[in-house]
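Asks: predicted model follows, preceded by the sequence.
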Amino acid sequence: MPFCSQRDDAMLGSFKWPPRIRVAGRSGTSSSKRICVSFPLSLAGRTIRGLEVDDLLRIDNTWGPDTRSCVWFQQQPIAELRHKLCVDVAVKLFIRKFPSSHGELDHLQAFSVLFSVLPQDFSRAGRPIAAAEVASEHINDLILNATIEAETAEQIRFFGSLRTHPWFKPATTRILKAFALTWLSAHPASKPISCTAAAASAPALKIPVCPKVRAIPFTSLTLLGDVKKHAFPFCFLPVSQTLPTVDAIIFDKKLLITIQVTVSPRQSVDSSALEKIWDGLPLAIRRKHRWCHVFVTGDGRTAVELRRQPRENPPGIDICYYSAIFDVEQLGLIRGHLNDTDLLAPSERLLAKSAERRSGKVRSYQNCEIVSKPSKTR
């Protein structure tokens, strides 16, 4: 079955949705604007001019901060269902037909419902650099899972095109992270990853891989005190929610390896995160294990730049730095693991009902719930 049917283009064009940001053209103007809104949590549970704030927050978190969408979807629940279907199609089209130029982005209908383009950085000349930001975490999950469900050749082509576009670094990093972390826990289908040291005096290193049963969710720093209870090698995955800039921690018989996935040629390391890891380790592990911090990236040039960047270790801690290239062309070897992994967000999240609705009936449409409010009698 094809990943995305040829009818999707026509299907996407037939839907109508509130305007979102369109990519600025060469003239610097945009064809539509997105009106952002922010709701303070103190308003949760309240109703303002007939609009339920809880439902507005849910819509905002699901589809992005767009005032018109929030109001429209609450007043017309069926419109949210149509928008959901539109986003599902847009995600597949975006992966199958990733544009090769800014001009193509400006005319890609899928782009306007998935991304916002905002200045997030500055060039050396002091000019703002545009970056594409996914409209919501929910849409981010949909893009990631659609990438996983695509054919291997399609995954490689999409990731290669995405990686070379400066606007999509956040999305590229997230996809690469999902692939790399899944690889680490896909033994025996996956193989150790070769690394190159930043210092000539550092020993040779290959990142060991382990079976999925040895991939342990890292929920608390206290887990570091019990590492001797596990058979080597094993890994803590994922880690970044607890320790910024550390995506995985791997323990072998003589090695402690921290993993940081990035597509940027310049990447800092959070010293406080490294100190927290060190403080949580048993004394025996500190004495016997060599600590290696590896930057995993998707191409050789970025790997070289990451090794050249000067690093300073936290006081009293000896860490060797490396870079490694994750070859996305090997994804076919772990395709089954990508589909089954617990590291990734579910491909579909239920659109949760607003809390304590005062009236209305719930009708189920596939995997989402749409609330139809009784019409007012005139």
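Replies: Cool, got the structure. Residues are numbered from 1 along each chain as shown.
Asks: residue boundaries of the helices in this protein?
Replies: Taking DSSP state H, the helices of the chain run over residues 8-14, 53-63, 67-75, 77-96, 102-106, 109-114, 137-149, 152-163, 169-184, 271-280, 283-288, 300-308, 335-340.
Asks: need the ones you listed in a markdown table with mean neighbour count, mean pLDDT and distance to residue 261, can you?
Replies: The way it works is simple: take the backbone N, C-alpha and C, and place the C-beta from them, glycine included. Listed next are the helices of the chain as a markdown table, based on neighbours: other CB atoms under 10 Å; pLDDT from 0 to 100; distance: least, CB to CB, whole Å:
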| stretch | mean neighbour count | mean pLDDT | distance to residue 261 |
| --- | --- | --- | --- |
| helix 8-14 | 14 | 46 | 31 |
| helix 53-63 | 20 | 83 | 25 |
| helix 67-75 | 19 | 81 | 32 |
| helix 77-96 | 21 | 86 | 20 |
| helix 102-106 | 16 | 55 | 25 |
| helix 109-114 | 23 | 70 | 22 |
| helix 137-149 | 20 | 81 | 13 |
| helix 152-163 | 18 | 83 | 13 |
| helix 169-184 | 22 | 86 | 4 |
| helix 271-280 | 16 | 93 | 14 |
| helix 283-288 | 11 | 93 | 24 |
| helix 300-308 | 16 | 94 | 11 |
| helix 335-340 | 15 | 69 | 15 |
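Asks: now those in a markdown table, with distance to residue 316?
Replies: A markdown table is the format used below for the helices of the chain (distance: least, CB to CB, whole Å):
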| stretch | distance to residue 316 |
| --- | --- |
| helix 8-14 | 57 |
| helix 53-63 | 42 |
| helix 67-75 | 51 |
| helix 77-96 | 46 |
| helix 102-106 | 49 |
| helix 109-114 | 46 |
| helix 137-149 | 38 |
| helix 152-163 | 37 |
| helix 169-184 | 28 |
| helix 271-280 | 8 |
| helix 283-288 | 10 |
| helix 300-308 | 24 |
| helix 335-340 | 38 |
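Asks: which among these is found nearest to residue 215?
Replies: Proximity to residue 215 (CB to CB) singles out helix 169-184 among those, at 7.4 Å.
Asks: extract the C-alpha set from that closest one and format it as CSV.
Replies: Output of helix 169-184 as CSV, limited to C-alpha atoms (Å, rounded to 0.1, in the frame of the first residue of the first chain):
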residue,chain,number,x,y,z
LYS,A,169,17.0,22.1,12.4
PRO,A,170,14.6,21.5,15.3
ALA,A,171,12.5,19.0,13.3
THR,A,172,15.6,17.3,11.9
THR,A,173,17.1,16.9,15.3
ARG,A,174,14.0,15.3,16.7
ILE,A,175,13.7,12.8,13.8
LEU,A,176,17.4,12.0,14.0
LYS,A,177,17.2,11.5,17.8
ALA,A,178,14.3,9.1,17.4
PHE,A,179,16.2,7.0,14.8
ALA,A,180,19.5,7.0,16.7
LEU,A,181,18.0,6.1,20.1
THR,A,182,16.0,3.3,18.6
TRP,A,183,19.2,2.0,17.0
LEU,A,184,20.9,1.9,20.4
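Asks: hmm, back to that, among the helices of the chain, which comes closest to residue 205?
Replies: So among the helices of the chain, helix 300-308 is nearest, using CB to CB, at 12.5 Å.
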